[in-house]
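Novice: Return a 3D structure for these sequence lines:
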Amino acid sequence: MQINTLGRGGLRVTPFCLGTMTFGSQTDEADAHAQIDAALAAGLNFVDTAEMYPVNPIRAETVGRTEEIIGGWNAANSGRRGDYVLATKVSGEGLKAVRDGAPISRQTIEAAVDASLRRLKTDYIDLYQLHWPNRGSYHFRQNWGYDPSRQNTVDTIAHMEEVLETCDALIRAGKLRQVGMSNESAWGVSQWVRIAETRGLPRIASIQNEYSLLCRLFDTDLAEASLNEDVPCLAFSPLAAGLLTGKYQNGAVPEGSRKSFVGDLGGRATDRVYPAVDAYADIAGRHGVDLVHMSLAFAASRPFMGSVILGATTLAQLEHILRGLDLSLSDDVIADINGAHRKHPLPY
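Specialist: Numbering: from 1, shown residues only. This next block holds a predicted model:
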């Protein structure tokens, strides 16, 4: 399988990454461990998690459970930790289930890293990411009312310096290898890079943002920043929370699916989204490809993409995904996809 280098820090990852946010809620420990085994056997070398996982729902009593499950796999597979790149995240301001919603700071990062290392049963984290910025974000459907005029630039820059200084110390201590961002903006990427280069601090390796056929906010300013600053995207929700499997069409809500727990799929289940899914399903059908495989292949083909984070509730779902990871889309398929995108922009 092809290998991509994240930024300039030397982390080498496969074009697809195993996402784990349902481990410990919809996905039990045995199935989760089987998914890790299957992903590594299929050639993937990248696993992504977060301290706040599992989701659906996020609860204070289950925070950290996903990391514990991955840690159980690490403990049971002694000697295999070097076989894969492990990424996790520190939760940002406002999530009451984690540290009562405390903002990211030197103190929270230091405490969160040590807690993640204990749960993951590892000595180091390859990629440590800020789950969302303290200053706020237009992601998670917040773009419709986003107002950056409320930000304090001086405080933001001081915070960025503190974060990079803290991560630098943790890298020197051997606890982290690289640092990354998530749910960031083009301006944010440029500032993280500028501060790192000016101060001689760790340069961010990646930016983990949502990207799929239904969510292409990354395609303009962020794509330019990503390519010119050498900060590749790690795409989460490439199947749009399951919408791009087609399983929610015509009002269907399969038992145990994400929609059965979160009815609006985090703001994605709008009246506009289902005709868009129909359009992409039609393209897949006309070209004789699977909608899931087409969706993932499109995300992986983007010039700014470092790795596409795929997730599955069950091992059977993951096995179906893995069977299509070698799909390459023709120019005709890409042209049809872009045509559908023009007809169905921003469906949620």
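
Novice: Can you mark which positions in stretch 149-156 are buried?
Specialist: Going by neighbour count (16 or more other CB atoms under 10 Å), the buried part of stretch 149-156 is Thr156. Where C-beta positions appear, they are placed from N, C-alpha and C, glycine not excepted.

Novice: Do me a favour and get the end-to-end distance for that stretch?
Specialist: With CA to CA, to the nearest Å as the measure, stretch 149-156 spans 13 Å from end to end.

Novice: From the chain's centroid, how far away is that stretch?
Specialist: Offset of stretch 149-156 from its chain centre (CA atoms, centre = their mean, to the nearest Å): 26 Å.

Novice: Looking at it now, give me its mean pLDDT.
Specialist: For stretch 149-156, the mean per-residue pLDDT is 96.

Novice: which outside residues touch it?
Specialist: Residues outside stretch 149-156 that contact it (CB atoms under 8 Å, 6 or more residues apart in numbering) are 134-136, 191.

Novice: Mind doing that once more with 10 Å?
Specialist: Stretch 149-156 is contacted from outside by 133-136, 158-159, 187-188, 191, using CB atoms under 10 Å, 6 or more residues apart in numbering.

Novice: By neighbour count, which of those residues wins?
Specialist: Compared across these, Pro133 has the highest neighbour count, 24 neighbours, by other CB atoms under 10 Å.

Novice: Who are the contact partners of that residue?
Specialist: Counting by CB under 10 Å, 6+ apart, Pro133 touches 92-93, 103-104, 139, 151, 156, 159-160, 163, 181-185, 188, 192.

Novice: Please repeat the previous calculation with a cut-off of 6 Å.
Specialist: If you count contacts by CB atoms under 6 Å, 6 or more residues apart in numbering, Pro133 has none.

Novice: quick revisit: quick one: which of the contacts of stretch 149-156 is nearest Glu110?
Specialist: Nearest to Glu110 among the contacts of stretch 149-156: His159, at 15.0 Å, using CB to CB.

Novice: Let's verify the closest one: helix, strand, or coil?
Specialist: Secondary structure for His159, judged by DSSP: H, G, I helix; E, B strand; the rest coil, is helix.

Novice: got the contact list for it?
Specialist: Asn134.

Novice: Please apply the same query to Ile109.
Specialist: Listed by CB under 6 Å, 6+ apart, the contact set of Ile109 reads 90, 166.

Novice: do the same with the one 3 residues further on
Specialist: By CB under 6 Å, 6+ apart, the contact list for Ala112 reads 51, 90.

Novice: Kindly report the same for Ala97.
Specialist: Contacts of Ala97 by CB under 6 Å, 6+ apart are 58, 60, 63.

Novice: Buried subset of these as a PyMOL selection?
Specialist: Selection of buried members from those for PyMOL, criterion 16+ other CB under 10 Å:
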select buried, resi 58+63
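
Novice: Backbone dihedrals for the most centrally placed residue in the chain, both of them.
Specialist: Compute the mean C-alpha point of the chain, and by CA atoms, centre = their mean the closest residue is Phe236, 3.5 Å away. Per-residue torsions, Phe236: phi -100, psi 160 (degrees, to the nearest 10).

Novice: next one: Val179
Specialist: phi -120, psi 150.

Novice: low-scoring pLDDT stretches of the stretch 1-150 of the chain, where are they?
Specialist: For the stretch 1-150 of the chain, no stretch is flagged by pLDDT under 70.

Novice: Span of stretch 210-226 from start to end?
Specialist: Taking CA to CA, stretch 210-226 runs 14 Å from one end to the other.

Novice: Which positions within that stretch qualify as buried?
Specialist: Under 16+ other CB under 10 Å, the buried positions of stretch 210-226 are 210-218, 222-223, 225-226.

Novice: Now, those that are in helices?
Specialist: 222-223, 225-226 (DSSP state H).

Novice: So of the residues you listed, which two are at opposite extremes in space?
Specialist: Longest span within these, CB to CB: Ala223 and Ala225, 7.4 Å.

Novice: Glu224 versus Arg216, what's the distance?
Specialist: To Glu224, Arg216 is 14 Å away according to CB to CB, to the nearest Å.

Novice: where does Gly267 fall, phi/psi-wise?
Specialist: Backbone torsions of Gly267, given as degrees, to the nearest 10, read phi 90, psi 0.

Novice: Tell me how many other residues surround it.
Specialist: 13.

Novice: ok, now how distant is it from Gln26?
Specialist: Computed as CB to CB, the Gly267 to Gln26 distance reads 19 Å.

Novice: Mind giving me the packing neighbours of the host helix or strand of Ser260?
Specialist: Per DSSP states H and E, Ser260 falls inside helix 258-261. On a contact count with 3 or more CB pairs under 6 Å, 6 or more residues apart in numbering; DSSP states H and E, helix 258-261 meets no helix or strand.
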